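K.L.:
A structural model of the following input is requested.
(chains A and B)
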Amino acid sequence: MTDSLRFATWNVNSARARVDRICAWLEKTGTDVLAIQETKCRDDQFPAERFTELGYEVSHHGANQWNGVAILSRIGLDDVQIGFPGQPEWQGTESVEPRAIAATCAGITWWSLYVPNGRTLEDPHYPYKLEWLAALARNAEQWLADDPTASIALTGDWNIAPLDEDVWDIAVFEGATHVSAPERDAFARFTEIGYQDVVRPLAPGPGVYTYWDYTQLRFPKRQGMRIDHVLTTPALAERITDAHIDRDERKGKGASDHAPVVVDIAR
DNA sequence: ATGCCTCCAGGATGGAGA
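P.N.:
Alright, predicted model coming up:
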């Protein structure tokens, strides 16, 4: 029993291809709760037993080979929420994509979010991304209004670099998604309603990233993006004792293109 | 050195990621 709990979020880029690495990482780091994005599988394909063997409870939400989110917890996993009220549907479909799941673990509601990519500024996925974020913000604002002392974390792959220093060369991203003003405004909305980025103060940039493209030697060249974030309510922010990005996990054969983002929370 | 992309479905190669 330590005096702090370890929570994390990680876009694993396939749960099935990454399960050995995920298990090794959980054991090595002593992580209590992990939000996973891009599991890329159906519920029946998710390697849940690999995690239950290690003492974790598991909740997964997936539909096919795209998206997919999960929560693992070894300190209790209650009140699972699949998606959020008003979560937009992708156009032309009648189903909501599996991009959001939450569970309450030791009194902390930990969301695993996979924000739509956007693709290009002209693509229909771009307004979808903005609508998705606005709908999430409306819920997040209401949760805090309902209980100003709530311990809620919005974690995952936001697909937004909030500051110019969050990409290795802002000139390269001229006219691209992830850095556009509407996306940054959509992200800033969460701080306006009271949520705080609890990682940046403890892992300041420049040159601090959570994602490196597989191509063009982006990782060894240190050419990455900070697009995975942990935003919390004020009551939870007060309990953060440490935070870091586990850059080493991006190394080696079989790595995800994202690194885990880790937050330590006082009991 | 941290190293030239990887995942999925399908059964070849193309879509998606960012």
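K.L.:
and the closest residue to residue A:126 other than its chain neighbours, what is it in contact with?
P.N.:
Distances taken as C-beta to C-beta, 6 or more residues apart in numbering place residue A:118 nearest to residue A:126, at 4.6 Å, with adjacent residues excluded. Where you see a C-beta, it was placed from the backbone N, CA and C, and this is true even at glycine. Shown in contact with residue A:118 (C-beta atoms under 8 Å, 6 or more residues apart in numbering): A:125, A:126, A:128, A:129, A:159, A:177, A:178, A:183.
K.L.:
Assumed residue A:118 was part of a strand.
P.N.:
No - with DSSP: H, G, I helix; E, B strand; the rest coil as the criterion, residue A:118 is located in coil rather than a strand.
K.L.:
so where do the helices sit in the stretch 1-150 of chain A?
P.N.:
A:15-29, A:48-52, A:125-146 (DSSP state H, counting those that start in this stretch).
K.L.:
how about those in a markdown table, adding distance to residue A:40, mean pLDDT and mean neighbour count?
P.N.:
Below are the helices of the stretch 1-150 of chain A laid out as a markdown table (distance: least, C-beta to C-beta, whole Å; pLDDT from 0 to 100; neighbours: other C-beta atoms under 10 Å):
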| stretch | distance to residue A:40 | mean pLDDT | mean neighbour count |
| --- | --- | --- | --- |
| helix A:15-29 | 7 | 96 | 16 |
| helix A:48-52 | 15 | 96 | 16 |
| helix A:125-146 | 18 | 97 | 18 |
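K.L.:
Tell me which of those approaches residue A:264 most closely.
P.N.:
helix A:15-29 (10.6 Å; C-beta to C-beta).
K.L.:
Check the spacing between the nearest residue to residue A:198 once chain neighbours are set aside and residue A:70 real quick.
P.N.:
Distances taken as C-beta to C-beta, 6+ apart place residue A:240 nearest to residue A:198, at 4.7 Å, with adjacent residues excluded. Look at residue A:240 and residue A:70: by C-beta to C-beta, to the nearest Å, they are 23 Å apart.
K.L.:
the more surrounded of these two?
P.N.:
residue A:70 (26 against 21; other C-beta atoms under 10 Å).
K.L.:
Kindly check the end-to-end length of stretch A:79-95 for me.
P.N.:
Start-to-end span of stretch A:79-95 (C-alpha to C-alpha, to the nearest Å) is 22 Å.
K.L.:
For whatever residue of the stretch 51-200 of chain A ends up closest to DNA strand B, the count of nearby residues, please.
P.N.:
Residue nearest to DNA strand B within the stretch 51-200 of chain A (C-beta to the nearest atom of the strand): residue A:65, separated by 3.4 Å. When neighbours are defined as other C-beta under 10 Å, residue A:65 has 12 of them.
K.L.:
cool, and the one 3 residues further on?
P.N.:
Residue A:68 has 29 neighbours, counted by other C-beta under 10 Å.
K.L.:
now do residue A:5
P.N.:
Residue A:5 - counted by other C-beta under 10 Å - has 20 other residues nearby.
K.L.:
pLDDT value on it, please?
P.N.:
Looking at residue A:5, its pLDDT reads 98.
K.L.:
Look up how far residue A:16 lies from it.
P.N.:
28 Å.
K.L.:
ok, now which ones touch residue A:267?
P.N.:
Here residue A:267 is in contact with A:3, A:4, A:5, A:106 (criterion: C-beta under 8 Å, 6+ apart).
K.L.:
need the residues of chain A near DNA strand B, please.
P.N.:
Within chain A, the positions adjacent to DNA strand B are A:11, A:13-14, A:16-18, A:38, A:40-41, A:45, A:64-66, A:116-117, A:119, A:125, A:157, A:159, A:177-178, A:211, A:213-217, A:219-220, A:222, A:225, A:227, A:251-255, A:257-258 by C-beta under 7 Å from any atom of the strand.
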